[in-house]
Structure formats: C-alpha cells, structure tokens
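K.L.:
Next come a sequence and a model predicted from it.
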Amino acid sequence: MGLKGYILKRTMYSVVLVFCVLTVNFIIFNLMPGDPIAQYILSPESRLTPEDVETLRKIYGIDLPYHERYFVYLRNMLTFNLGKTQVTRVPVVEEISKRLGNTVLLMTTAIVTSITLGTLIGTFAAYKRATKTDTAIVTSSLILGSLPVFWIGILMLFIFAVYLKWFPFGGSVPKWWAYTPPTSPLEIIAGRLYCVTLPALTLVIFSVDNWTLLTRACVLQTITEDYVVTARAKGLPERRVLLKHVLKPASLPLVTAMALSFAGIFTGAMITETVFSYEGMGHWIYMAIMEKNLPVMYAVFYISGLLVVIANFIVDLVYGMIDPRIKVGR
Amino acid sequence: MAERRVKTSTLAAGLKGFWFQFRKSKRGMAGLFILCIHVIVALMAPFIAPNDPIRPTWPGYFPAGEAPLAFMMCVPSWYKYLGREVSENMEVIDGYTFASEQALQKWNVAISQPTRVSLSYNPTGGTLNDGCIEITYSRQANEAAGTSSIRLSYRFTYPYKAHPQRFWIHASYLINGTVSPSTSVHVSFSFFREDAEPLANYTYRGPTYQKDSLLVYEYPLITYDFYSPVSPWRHMWTRSTKREIFEKPWWYRAPEAKIFPTSGNYTFTVDVTFNDQGGARTQQVKVYLDNLQVLLYGNAYGLLGTDADPAAPRDLFSSLIYGSRVSIFVGLLVALISVTIGLTIGLTAGYIGGVVDEGLMRFADLLMVLPTLPLLIVLAYILSPSIWNIVMVLSFLGWMGFSRNIRSVTLSLRERSFVEAAKVVGAGRFYIIRKHIFPNVVPLVYLALSLSVPGAIISEASLSFLGLFDPNVMSWGRMINEFNGSGVAVTKGFSDYWFWVIPPGIAISSLAISFILIGYALDEILNPKLRMRR
C-alpha cells in the first residue's frame, strides 16, 4: 500500500468518523429533556391556541418524523447551514464570529506560552534526570496539575483583581471601551492584554505541568536509547546529541498533543471563561447547554468534532514525515 | 489445596516485597499519608462534623427544623482570639423553661391584680403534654371591669461586645375561655436594656425609666391581639428580620443592633394583658404558653463560618467534612468502573481483533473526538445530576485512553510463544485472555486505577462547580459553586470569606495529589523500564 492508499484510507475513515459524530450528536440532543416549543406555551403570558402550537412545530420542523429530521439535519450541517439561536434568533455563525476571536486570543496565548514553558522545563528536567532539580520539577508539576482549574481561577481573581487590583474582575474587553472606544491599535492591544492576562495565566498554570511531564517522559525515553549513547561515544557535541538525536524523535507524541490542543481552541476553556466571565466560546457553549439552545449545541459539537478529526488526520500524515521508522508505504 | 497455599504465600511475599519497595518512595508515602487522612475524615464524618451538611437547623428547637442553624455569612468563631469583636449564637431561653417548675423559678412574675390573674404550672398540658404554664383570668359577674396584666421577666447577661445579627423568639400558645371583642387577650414581648449611662453616639427615642440608679431602655416588640379563643396549639414567631416586629417605625432598621449595642444586662419579658370591657357575666380566660425560646444569632459560627444561603445557612466546616465522602466515593467508583470497561474492551479488541477490534476502537475514537467537558455536561443534564448519574457519565467517558493502551499491549502479548503454546494445547479464547494475557496487564490496571481517580475527582468537582451537583449531597465543587454564585467576593471582598473557598480547594487538590503521588510511586515500581539510567 502506497502513500496514496494510506491517505485515501485515512480520509475515508475520517469521513465515517464525522458521520458518526453527527449521528451521535443528533441522538444525544434529541434525548435532552423538554420540548423546544414548551417555553412558548408554558410562559404565563402565552395566549397560544393549539393551532398556533402546530404552526410553531411546523416552523421548527418538529412535526416531521425523526428520520426526516435526521436527513434535514445532516444536509444543513454538511452545508454549514447552522441556523439561528433558539430564542434570540441570531444566526449561529454570527454569534460564533463574535466570540471566536476572543477565544482564539485567549487560547493561543495560553497554549503557546504553556507549550514553550513546558517543553523547556521538561527537557531541562530530563537532562537533569534523577537529581534534586528533577524531583522538584516533577513533584511541583504533579501538584500544580491536580489543582482544579476553577480554583486556580478564583485564587488569581483574589490575588490580582481584588488585592493588587492589577487586572479587571472579568470580561473580555475593558469596561471603559463602552464609553470611550479605543482609537489607536496600541490602545486595543493594551486593553486586550489587560483583560486576557488573568484567564490566560490560569490556563497556563493549569496546563504547563502536562507539557512538562509529557516532554520529560518523551525525552527520557529517547535519552536512554542506545543510539544516543552511540552518538555521545562518537564524540558528538552534547548540544547536537540533544537536538538531533533526542529531541527530534521525542517530539512525536508532543506533536500529537499540540495538534489536539490547537484543535481544542474552538470549544474554548469552558470553566476558565465562566470564572472570568470572558465572552468566549466556552462560556457561550455552557450557557447554550444550560438554556438548551439546540442549534448552538449542534453547531458547536459538530465543528469541534470536525476540527479534532482533521487534526488527527494531519497528525497521522506528519508522523510519517518526522519519524523515519513509520514512513508510510515502505 | 496445596497449590492454593503456595499461591497465597507467593502473593503475600509479592505484596511484602512490593510494600518494601513502595516504602522507599517518599512521594508514595506522602500520598498514602494524605489519602489516609481523607479516608479517616470521610468515614468519621458524622462524628467530626457537628451539623447536617445540607439543611442544618438549630438543635433542640421546637418545632424541629424551623430555626436556622446560624446567621448567614458568619465568620469563624475563632476570630475572637484574633482580637475581633464577634458575637456568637446564644440560646437566651431554651424551650424547656415552661416545662418544669424549677425552670420557671428563674422568672420574675409581676401581677397587676392578683385577685383576678393567677399563674400556675400545668404538668400535663403543653404541645407535647410535658408541662406548660397556665395564666388564668377570672372576674365574677358582680365585679367591675378593667385591664389587668401579668409580666414574666427573665434577666440575662449578653456577653458579646458585637451586636447579634438577628433574634428569633418563638412560643406556642393556646387560649381558652370567654374571649371576645369585649374581653380580649394581648400577648407582647419586650427587651429591656440596663445601662449605667447611655451609650455615646446613640439616639434612643423609645420609652426609658429609672430603676436602682440605672437607666432602663424599653424595646417593645410586636403585640399579638386575640379576640377569640385559640385551639389547638399555634406558634408565634417574632424574628428581627420581620418588618412588623416593632410597634414603633423608627426601629425598623437593624433592630438587633439597636437593642444589643454592647455587652450588658438585659431583660426579656412576656406580658399578657387581659382587656376586659365589662359585661354582667362571669369571665374566665385561660392562656397556656409553652416552648418559649429566645435565640440570638451571632456573626460568628463554627470553625469555618457559614455560607450565604439566606433561609438556612450551612456550617461550612460540616460541608467540608462531608464533601470528602462524595469526592472519594465518586473518584474510586468511577476509576473502578472505567478501568473495568477499558480493560474489557482493550482485551477483547486486542485479542479477538478483526471487526470487533475495528468497531470497538472506532467507538472509542468517536467518544474521544467529541468535546469532553461539554459532552459531560450534556449527559449529566440529560440524566439529571444525581450522584449515581454523575458516576455513570464520568465512567462512560473515562475508559478510552486506557482501553487503547491495553489493546496495544494485548496485541504484542498475543504473538508471544506462551500464547501460541496455550493455543496448541487447545485452550479457548477466554481462557487464554484470563490466564495468560490478563496477569500480564495487571500492573497497568493498578496504575490506571490510581491515575484515573484524580481525574474523576477533578471532573466531579468541575461539574459541581458548573452547577451540576446532586442537590441532596454536599461536595467541595458545590461549595465553590455556591461561593461564586453568592457574589460575596465582589460585594464584600475576600478578606472575611476566604474560609469558604480556600479549604474546599485545598481539599480537592490534596486528595487528587495523594492519588497522583501514589500512582507515580506505583509507576516507578511496576514499570522497571522507567527506572532511570544515569
């Protein structure tokens, strides 16, 4: 089987997976309790006649049998016709575009920072393996990693927003922008940073330990391989050994993890955004689930699933390029 | 039989050797120590925690469960040792004061017309027939009408410099006899404060009088008027949060602060007034009083204070203690179930292979592709968040990584010669899985068990934090959720309410850390490959 065959197979598999995701979403969200029309009927000021209810059901398409609804749903999802939100009737795409920027800003800042820090610290720990430094790094990573993210967030708020008053209590843009909109790009960047720092810091504290431990484990696995000893014995400079012989093969699992965490940007950081009332995707998704905002949930679950599938697909291809051992088609 | 004995002895030897190795790991021992503390606290919760974690009430209050345990947002009572002026809960008059003659001795009785009004103890009366007091008013037909009254006063010392947050007065009553608009009964409660000299910066506009060179301030509370007999027993509550408590409108705001501005001697009185408008007939009225309780709620309670629930504030220390049960229960059960699912699926997929393998692994992929936390929330929402449903949902979404791991190990074990040999002898599939493959993955199972507990604990806490908690169970995540929901941090600042959010956070983290530390110690012992070459 050549490279083309492999790609074809992975593509087929990804397409099937996306269909499965769509189907599972449909099943789960139809299992959710409550009738979407009920909120109109149950409200005390409602004066709906049974005919009105029928009309409403027709408008929302709930009068159709399940299989027909399923196919309508599939068609809409595949053509990215994501519909409008339940009550406010705003197109879902518009709502997403309003929040995606905030979330991307927050998540990229956090992910890039924690990956950089984590890989550096992890490599350092592996290099200093079985010393006090290593033990200290590993133990503190383990402790940091078991702090619940909402608690870190609340502590950050207490320290930096309540006591020191360096950063705002929440929100994605400074409050004064509502009265005096920013004019210069410098002002925009400063205001954004002012608001994004605390949630990003929380996420970094929460996830840097993962990267540290993962990097350390990967590097340790390769640093003790015989070919590394050989490379040292050959008299190669230590730097070259570390970069060429250790880090390159060790980066494989890291690449997977990085790809997946970048694919996870779309859903945002639900808990952190909730703690900081940051206007991003995560908080929005949480509110959508609580309000049973079905169109939003369909769209979000579909798109995030799609992104993860694509990320996995890319990772599979990239693997072959980085690691000569799993070169496809040989 | 002999074979079994050999087996047990090797197992015991193995465990002993394992413990010997484990003991050397400082991290592992630290984790074990923290875990032991948590387990002991969880098991002993009813003995350690003084109150119910969900709906605590004032102990010994009649009717049971009506009076809250404490005022909301109390500070810890040990704040008094830090030099803070606090006031604690105080039971000025307990519910048994009218239930025995001795208890009644503490009361000072003053009767305006002793010929008509009399006070007696009725040993068989009362709401629970355990005794009550009986105030009788009788006037012969030939006597002149008029107003007569009886005053029961109870003197007590209020020891705290800080004023109470609320007072709560309850009494049960029953009124018999010829009560009518022309012969009415009035029951009123009052507080009196004795002061050598009036407090500075204090304007008092109510009645005062001089007594033994002390200026006495009178605070009449509400009066209950009865123009018809009352039967069976009813309750009267006088709470300082009620608007209508005072007869004079200028005491509406923070009455407890005005009545109890500082420590000192106070008197609580019950006045029963019979307002007889006349009439030629003989009048007889009997007023029965029972279960009189006067509670003063302080601004400090317990070891960690109370939360902000306005109706029934909870003791945060009890919540914290009982929270350990939920976390340990959910963590262990979820780890057990999800590891079992992962093991079964991994072994099946790995050993049987083919379509079964494809199907199971694609299902795992599917669950891993969906966004985890939103999916958790949706499932918990669909199933309604009871503790069992949360366990189910977390286990259902927690097995995928481990089953992949087991599958890959099984794939390599399948090709080993001992499996080939077993096959040649004619062993069945499940026999081989049970006898030859499973024992080889047992170390992985232990590891996965200890490492999936913290994940489950944190997930449960996160769900609770987001509001998906079992309403009948107190968990640490719920405490933090309620803290966030109360808005205390924004409105009142953090300084006095840190004990609401720091302890549960430390508890969650330390429990999770203990399992992670144990897991890593196990990992070093069970995976010799990880032992580092230097």
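P.N.:
Arrived safely, thanks for sending.
K.L.:
and B:L303, what is it in contact with?
P.N.:
Counting by C-beta atoms under 8 Å, 6 or more residues apart in numbering or on different chains, B:L303 touches B:76-78, B:317. Placement of C-beta: from N, CA and C, glycine included.
K.L.:
For B:R55, grab phi and psi.
P.N.:
With angles defined as degrees, to the nearest 10, B:R55 sits at phi -130, psi 70.
K.L.:
Apart from its neighbours in sequence, what residue is nearest it?
P.N.:
Among residues not flanking B:R55 along the chain, B:A312 sits closest, at 5.6 Å (C-beta to C-beta, 6 or more residues apart in numbering or on different chains).
K.L.:
same question, B:S324
P.N.:
Leaving out its chain neighbours, the residue that sits closest to B:S324 by C-beta to C-beta, 6+ apart is B:A42, at 4.3 Å.
K.L.:
next one: B:P68
P.N.:
B:A312 (5.0 Å).
K.L.:
B:N122 now?
P.N.:
Here the residue nearest B:N122, using C-beta to C-beta, 6+ apart, is B:E134, at 4.4 Å.
K.L.:
remind me which residues of the stretch 101-250 of chain B are low pLDDT?
P.N.:
For the stretch 101-250 of chain B, residues meeting the criterion pLDDT under 70 lie at B:196-207, B:241-250.
K.L.:
For it, just list every one of the helices.
P.N.:
Counting by DSSP state H, counting those that start in this stretch, one finds helices in the stretch 101-250 of chain B at the ranges B:101-104.
K.L.:
Tally up the residues packed near the closest residue to chain B within the stretch 1-150 of chain A, please.
P.N.:
Taking C-beta to the nearest C-beta, chain B has its nearest neighbour within the stretch 1-150 of chain A at A:S146, 3.7 Å off. Using other C-beta atoms under 10 Å in any protein chain shown, A:S146 has 22 neighbouring residues.
K.L.:
where does it fall, phi/psi-wise?
P.N.:
Main-chain dihedrals, A:S146, degrees, to the nearest 10: phi -100, psi 10.
K.L.:
How about it, nearest residue that isn't a chain neighbour?
P.N.:
With sequence-adjacent residues excluded and distances taken as C-beta to C-beta, 6+ apart, A:S146 is closest to B:A512, at 3.7 Å.
K.L.:
my guess is that neighbour contacts B:I458, does it?
P.N.:
Yes. B:A512 lies in contact with B:I458 (C-beta atoms under 8 Å); the separation is 5.8 Å.
K.L.:
Give the residues shared as contacts by those two.
P.N.:
A:146, A:148.
K.L.:
For A:S277, what is the enclosing helix or strand?
P.N.:
A:S277 belongs to no helix or strand when assigned by DSSP states H and E.
K.L.:
was I right about B:P313 contacting B:W58?
P.N.:
No. The criterion here is C-beta under 8 Å, and B:P313 misses it with B:W58 at 11.2 Å.
K.L.:
on that earlier part again, how many residues are close by the residue nearest to A:S146?
P.N.:
Neighbours of B:A512 (other C-beta under 10 Å): 26.
K.L.:
Angles on the backbone of it, please.
P.N.:
Dihedral pair for B:A512: phi -60, psi -40, per degrees, to the nearest 10.
K.L.:
quick one: contacts for it?
P.N.:
By C-beta under 8 Å, 6+ apart, the residues touching B:A512 are A:146, A:148, B:453-454, B:457-458.
K.L.:
Could you rerun that using 7 Å?
P.N.:
A:146, B:454, B:457-458 (C-beta atoms under 7 Å, 6 or more residues apart in numbering or on different chains).
K.L.:
The residues you listed in helices, which ones?
P.N.:
Those of the contacts of B:A512 mapping onto helices are B:454, B:457-458, per DSSP state H.
K.L.:
which stretches of the chain aren't confidently modelled?
P.N.:
Just so you know, I chose chain A. Across chain A (using pLDDT under 70), the flagged ranges come out as A:1-3, A:34-47, A:320-330.
K.L.:
Chain B was what I was after
P.N.:
Residue ranges of chain B with pLDDT under 70: B:1-11, B:196-207, B:241-253, B:280, B:489-490, B:492-495, B:527-534.
K.L.:
By residue count, tell me the biggest strand in it.
P.N.:
Determined from DSSP state E, the single longest strand within chain B is strand B:283-297.
K.L.:
In stretch A:64-84, which residues are buried?
P.N.:
For stretch A:64-84, a neighbour-count test (16 or more other C-beta atoms under 10 Å in any protein chain shown) marks A:70, A:73, A:76-77, A:82-83 as buried.
K.L.:
now what about it, what contacts it?
P.N.:
So stretch A:64-84 is contacted by A:22, A:26, A:61, A:90-93, A:295, A:298-299, A:302 (C-beta under 7 Å, 6+ apart).
K.L.:
Pull out the buried residues from the contacts of B:L303.
P.N.:
Neighbour counting over the contacts of B:L303 (16+ other C-beta under 10 Å) leaves B:76-77, B:317 as the buried ones.
K.L.:
just checking, which of the residues you listed belong to helices?
P.N.:
Going by DSSP H, the helices hold B:F317 from those.
K.L.:
Between the buried ones among the contacts of B:L303, which sits nearest chain A?
P.N.:
Chain A lies nearest to B:P76 out of these, by C-beta to the nearest C-beta, at 17.8 Å.
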